[in-house]
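K.L.:
Fold the following.
(2 chains)
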Amino acid sequence: AQSVTQLGSHVSVSEGALVLLRCNYSSSVPPYLFWYVQYPNQGLQLLLKYTTGATLVKGINGFEAEFKKSETSFHLTKPSAHMSDAAEYFCAVSNANAGKSTFGDGTTLTVKP
Amino acid sequence: EPEVTQTPSHQVTQMGQEVILRCVPISNHLYFYWYRQILGQKVEFLVSFYNNEISEKSEIFDDQFSVERPDGSNFTLKIRSTKLEDSAMYFCASSEDRGQETQYFGPGTRLLVL
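P.N.:
Below you'll find the predicted structure:
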């Protein structure tokens, strides 16, 4: 079984501030972890993923995430928020056996000027 | 860059009617998926499909739902008799392989059942 918990349904930051979106997962086998971004009325765009290897992964638009097995976490960060980062962000977990992805509830990121 | 496409982008239907949502996965991908997202809620897995058969389905995917790959390119989701609660965004996704491989999502079809 696998599950994802995203802490904080809404996060608000000022432009230029650090973005931190939290994701904790549960998986009975080694997980594969993903962050997706969804802009209003659009589909899901992959930001980054962790499968194996380096635990700090870099994605598009300046985002990165670190896989911490001991904390069962995969938090998404960006050093400096931009207005265009305002969107819904979803963390998802899969594994080699599951095939399907299980998504968290999502976090709405608001960026204030 | 190859992408997953979905048609129509929007569909409005009357309760009890049948709808077919269409998807064209990325051409060399072998695994296909349908997910749905009720407005304001999270993305939920419906079904996965491989080698012309369902490999996994969720409890949401009841007898009212069916999937088909009628030719070499299309992947369809049929809802036989729509209910109000079927109103949602439906996403198709495809991947080269299971799990590790990234699932590429289409833009979605917004279904509204009246």
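
K.L.:
Which element, helix or strand, includes the residue nearest the centre of chain A?
P.N.:
Centroid-nearest residue in chain A, with CA atoms, centre = their mean: residue A:35, separated by 3.5 Å. Element membership for residue A:35 (DSSP states H and E) is strand A:32-38.

K.L.:
Show me the contact partners of that strand.
P.N.:
A:21, A:23, A:25, A:44-51, A:59, A:61, A:63, A:65, A:67, A:74, A:76, A:87-96, A:101, A:103, A:106, B:99-100, B:102, B:105 (CB atoms under 8 Å, 6 or more residues apart in numbering or on different chains). Glycine gets a C-beta too; all of them are placed from N, C-alpha and C.

K.L.:
Buried among those? Make that a PyMOL selection.
P.N.:
Command for PyMOL, covering only those of the contacts of strand A:32-38 found buried under the criterion 16 or more other CB atoms under 10 Å in any protein chain shown:
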select buried, (chain A and resi 21+23+25+44+46+47+48+49+50+51+59+63+65+67+74+76+87+88+89+90+91+92+93+94+95+96+101+103+106) or (chain B and resi 99+100+102+105)
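
K.L.:
Flag every residue of chain B that's near chain A.
P.N.:
B:31, B:33, B:35, B:41-45, B:48, B:55-56, B:91, B:98-100, B:102-108, B:110 (CB under 8 Å from any CB of the partner chain).

K.L.:
one more time with 7 Å
P.N.:
Counting by CB under 7 Å from any CB of the partner chain, chain B comes close to chain A at B:31, B:33, B:42-43, B:45, B:48, B:55-56, B:91, B:98-100, B:102-103, B:105-108.

K.L.:
Which ones among these map onto strands?
P.N.:
B:31, B:33, B:43, B:45, B:48, B:55, B:56, B:91, B:105 (DSSP state E).
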